[in-house]
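Peer 1: My questions concern the predicted model and sequence given below.
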Amino acid sequence: DAKTTQPPSMDCAEGRAANLPCNHSTISGNEYVYWYRQIHSQGPQYIIHGLKNNETNEMASLIITEDRKSSTLILPHATLRDTAVYYCIVRGTSGDKVIFGPGTSLSVIP
Amino acid sequence: EPEVTQTPSHQVTQMGQEVILRCVPISNHLYFYWYRQILGQKVEFLVSFYNNEISEKSEIFDDQFSVERPDGSNFTLKIRSTKLEDSAMYFCASSDRVEKLFFGSGTQLSVL
């Protein structure tokens, strides 16, 4: 499995955009970038995924660089409920297990 | 939105006892997983299950562990002889062929 690198922690002011970076320089052509989050020991929650194009859904936006070696998850208007550990994961074909790293602990500050 | 259901939410057992953790995956999903998370540590993959057999397992998933899909709806994780170090939150997950894993809310296992 390709590996990812994320900062261990970040702070973000409530109402501001949270930009969470991820490096995945060894990603291969058929691997997707996935983002999950875990709020205080609840089950991990899927946020978004993409292959090479930028993606947006009701939760977040995903920006993938043209060389696919890094990506950024954007929470456009962070709220206190977005305080969580965010995991950037590279995953291949459907059915592949999801391997969690340490992730980025995001604290949204009032 | 459909969800994965896990029971019980908390399980306390004595060391050496057998436990069965239960999960009801989302009905049309084909892939099933168990993960665990020891307090303060990362989420660890245990096993994946597809087409009624284990497709992959981690080093953690030794002979003390087994999984079963007994009736086409439930997905269980059995630990035959629990150890203190098995104390953790256990998460079940399922997915369809396309994309994301849906995780349950977990079972907190405490081995005394």
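Peer 2: It's in.
Peer 1: contacts and neighbour counts: CA atoms only from here.
Peer 2: OK.
Peer 1: burial of residue A:55, as a residue count?
Peer 2: The tally of other residues near residue A:55 (other CA atoms under 10 Å in any protein chain shown) stands at 15.
Peer 1: Please apply the same query to residue A:46.
Peer 2: Residue A:46: 19 neighbours (other CA under 10 Å).
Peer 1: The one 10 residues further on too?
Peer 2: Residue A:56 is flanked by 16 other residues according to other CA under 10 Å.
Peer 1: Apart from its chain neighbours, what residue comes closest to it?
Peer 2: residue A:62 (6.3 Å; CA to CA, 6 or more residues apart in numbering or on different chains).
Peer 1: Would you confirm that the one you found contacts residue A:72?
Peer 2: Yes. Between residue A:62 and residue A:72 a contact is recorded at 5.8 Å, counting by CA atoms under 8 Å.
Peer 1: Which one of these two is surrounded by more residues?
Peer 2: residue A:62 (25 against 19).
Peer 1: How about the residue in chain A that chain B sits nearest to, nearest residue that isn't a chain neighbour?
Peer 2: For chain A, the residue closest to chain B is residue A:43, as judged by CA to the nearest CA, at 4.8 Å. Leaving aside its sequence neighbours, residue A:43 sits nearest to residue B:105 (CA to CA, 6+ apart; 4.8 Å).
Peer 1: that older thread, ok, now which ones touch the residue of chain A closest to chain B?
Peer 2: Applying CA atoms under 8 Å, 6 or more residues apart in numbering or on different chains, one finds that residue A:43 lies in contact with B:91, B:103, B:104, B:105, B:106.
Peer 1: 10 Å instead, please
Peer 2: A:36-37, B:4, B:35, B:37, B:43, B:89-93, B:102-107 (CA atoms under 10 Å, 6 or more residues apart in numbering or on different chains).
Peer 1: so is it in a helix, a strand, or just coil?
Peer 2: At residue A:43 the chain is in coil, as set by DSSP: H, G, I helix; E, B strand; the rest coil.
Peer 1: quick one: pLDDT of it?
Peer 2: Looking at residue A:43, its pLDDT is 95.
Peer 1: repeat for residue A:95
Peer 2: Residue A:95 is assigned a predicted lDDT (pLDDT) of 63.
Peer 1: before we move on, what about the one 10 residues further on?
Peer 2: Per-residue confidence (pLDDT) for residue A:105: 97.
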